[in-house]
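J.: One predicted model, sequence on top.
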Amino acid sequence: MIQINELGEFDLSQAPLASEWKGPRAHIGPAETVTPLVRILGNKSKLSVITMMAGVSFWAARRLEHFTDVSHLDELIEASFAWHFNFRYLDPDAEPDNYPPANPPELSALMQIDTLFRSQMENMLDWTNPNAPIFPAFHLTMLVQHILPDHGRALFQTWLEKYLARIEQTSLVQHKTDKEIDAIPRGPEMRDYCAMIRGKPLPPSFLDLSLELDGRDLEAEAFANLKGLDHTKNRFLRSPSDMLAMGFKGDPYGVPS
């Protein structure tokens, strides 16, 4: 269960959605542009960026739940923390899997947020990709800022800045250049590099910035969260039998593969 204290400081239901809605891709910021946020995320672990996307999506869900059904986004956020342990946990084809419509704004925004987040966890290629989803995280953040009411944006920005400061302490990694990555032999060396870039699993409580990190075993918290998940209540979580059929080694939702 995600807890973000800043969300309790204002009422998201009172303000209408932004009246100026130009479509799902019109409010995601410039493409392939090295913005300050992109630069900050450039040396962070993949799982810390995925966790940030879960937190940003949680802000969006709380904003949009007053206008449309966001249950599938909440389930995707929950399932993303299982993906930290193994890509087989998450079923990227769960419905709804629609292309974002142009209107109405609430559904257009919801499905664009779903697309930006879900598309980073679709298969083994995403799991082994040696690059973090930096640009999708930036685009997601820009879109959620757009749909928040004016009185919520400042609080969102404060929360985001605190989160970025947190991962500056916990999640720094040394990314190689594209040329250096191309020179890594395929096999164990590449798997080790990708695992280093991916980083350690994080729990949902990592997003609660009121909780100090001192003395906490974040990986143990993440594993406890994994064991507490119920795949029968989340359309994105695969059953143990399906995971074993996909080659998972170990006890799904028990011993990590």
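T.: Done, it's in.
J.: Met124 and Trp83: what is the separation?
T.: In this view, Met124 and Trp83 are 11 Å apart by C-beta to C-beta, to the nearest Å. (Each C-beta comes from the backbone N, C-alpha and C, glycine too.)
J.: in terms of contact count, name the helices or strands touching the helix ranked longest in the chain.
T.: Counting by DSSP state H, the longest helix found in the chain is helix 150-170. Contact partners of helix 150-170 among helices and strands, from 3 or more C-beta pairs under 8 Å, 6 or more residues apart in numbering; DSSP states H and E: helix 36-41, helix 46-64, helix 134-147.
J.: any idea which of those helices is most buried?
T.: Mean neighbour count (mean count of other C-beta atoms under 10 Å) peaks for helix 46-64 among the helices and strands packed on helix 150-170, with a mean of 24.
J.: what distance separates it from the centre of its chain?
T.: 5 Å (C-alpha atoms, centre = their mean, to the nearest Å).
J.: For stretch 51-64, give me every contacting residue.
T.: Residues outside stretch 51-64 that contact it (C-beta atoms under 8 Å, 6 or more residues apart in numbering): 2, 4, 7, 12, 41, 70, 73-74, 76-77, 80-81, 84, 106, 109-110, 113, 116-117, 120, 133, 136-137, 140-141, 143-144, 147-148, 152, 156, 159-160, 163-164, 167, 202, 204, 206-207.
J.: one more time with 6 Å
T.: For stretch 51-64, contacts defined as C-beta atoms under 6 Å, 6 or more residues apart in numbering pick out 2, 7, 12, 70, 73-74, 77, 80, 106, 110, 113, 117, 137, 140-141, 144, 147-148, 156, 202, 206-207.
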